[in-house]
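J.: sequence and computational prediction follow.
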Amino acid sequence: MSKVYCGLVVVLLGLMAPSALSEAATLAELQEALLDEIRLDTRETRGYTGRAKLHKSVMRAMAAVPRHEFVDRYGLDSAYANRPLPIGHGQTISQPFIVALMTDLLDPEADHVVLEIGTGSGYQAAVLSQLVNHVYTIEIIPELATKAASLLTAKGYDNVSVKAGDGYFGWPEAGPFDGIIVTAVGPDIPPALVQQLKVGGKMVLPVGTPRAAQNLTVVTKLENGGYTAEEVLPVAFVPLTGDH
Ligand code: SAM
């Protein structure tokens, strides 16, 4: 994977002016360093997640989406640091390792239709868009939904649909979904989201209390309409808000 990535950069470098050239080299180095950090975090959390490596396709998707385009108020060093960053309105873009892990836990496939709750900057949706047929994503803060929708369209992520609203109730007209990712924490597993998940489909979400104990949880929908829930990793997410 890293060889393919370097090869592309070499082709681009040949076409660029000297200042653009060093910027591109820096960007490639920062991206590669971030992928290394994700690999390291994956190994270090193996005891929790049972995964020593993430799927190549997921790492490719992480490499393909330029995080700095989703955090335009920061410089490249911050954009490619393996940590969450504020995106305004009291919200954050998640830590890249968590984006990669949640994507991996979803087991995305090319024909899948997935739902994300908590669009935020649009970054997680952009990563998912590389791996599945269509991404539906809901954001409760209208200004963030509008900004993410414009950015995703401008950057050509044309298999992503964004809407403003309370994602606790899902997007029934667009479902059922092969997978659902929730990027904000609530105390329960939203029943409407379970309902909108296909049998065998996975939902990856933090469950717990904001600023207290939370666990990244993988829900698998059963044939009888019920589900199993497996706690995977202690995490820290912003709250799932709304009047539900
Ligand atoms: N996935 C985002 C990204 O890639 O930038 C990061 C999401 S941030 C950790 C969580 C987001 O969930 C915030 O933007 C927040 O406004 C949103 N949110 C909180 N409660 C929500 C709800 N009930 N429905 C939809 N979005 C919600």
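T.: Perfect, thanks for sending it.
J.: the closest residue to residue 223 other than its chain neighbours and residue 226, how far apart?
T.: Spatial nearest neighbour of residue 223, chain neighbours left out: residue 199 (5.2 Å); criterion: Cβ to Cβ, 6 or more residues apart in numbering. For every residue, glycine as well, the C-beta is placed using N, CA and C. From residue 199 over to residue 226 the distance is 10 Å, taken as Cβ to Cβ, to the nearest Å.
J.: who has more neighbours out of the two?
T.: For residue 199 and residue 226, the more surrounded residue by other Cβ atoms under 10 Å is residue 199, and the numbers stand at 12 against 9.
J.: quick check, the more buried one in a strand?
T.: Yes - Residue 199: assigned to a strand according to DSSP: H, G, I helix; E, B strand; the rest coil.
J.: check which helix or strand covers the residue minimising distance to the centre of the chain.
T.: In the chain, the residue lying closest to the centroid (Cα atoms, centre = their mean) is residue 124, at 2.7 Å. Using DSSP states H and E, residue 124 sits in helix 123-129.
J.: show me what whatever helix or strand residue 35 lives in is packed against.
T.: If you go by DSSP H and E, residue 35 is part of helix 18-44. Under the contact criterion of 3 or more Cβ pairs under 8 Å, 6 or more residues apart in numbering; DSSP states H and E, helix 18-44 touches helix 2-13, helix 56-64, helix 76-79, helix 96-105.
J.: my read: the residue nearest to the centre of the chain touches residue 102, true?
T.: Yes - contact status for residue 124 versus residue 102: in contact at 7.4 Å, counting by Cβ atoms under 8 Å.
J.: secondary structure element for the closest residue to residue 163 other than its chain neighbours?
T.: Leaving aside its sequence neighbours, residue 163 sits nearest to residue 138 (Cβ to Cβ, 6+ apart; 5.6 Å). Secondary-structure assignment from DSSP H and E places residue 138 in strand 134-139.
J.: wait, what's in contact with the residue nearest to residue 223?
T.: Going by Cβ atoms under 8 Å, 6 or more residues apart in numbering, residue 199 touches 221, 222, 223.
J.: please report how far the second one lies from the ligand.
T.: Pointing back at residue 222 there. Residue 222 sits 25 Å away from the ligand when distances are taken as Cβ to the nearest ligand atom, to the nearest Å.
J.: again with the first one
T.: Residue 221 sits at a distance of 20 Å from the ligand (criterion: Cβ to the nearest ligand atom).
J.: same check, this time on residue 191
T.: Residue 191 is 14 Å from the ligand, by Cβ to the nearest ligand atom.
J.: quick check: phi and psi on that residue?
T.: phi -60, psi -40 (degrees, to the nearest 10).
J.: now swap in residue 241 and tell me
T.: The phi/psi pair for residue 241 (degrees, to the nearest 10) is phi -100, psi -180.
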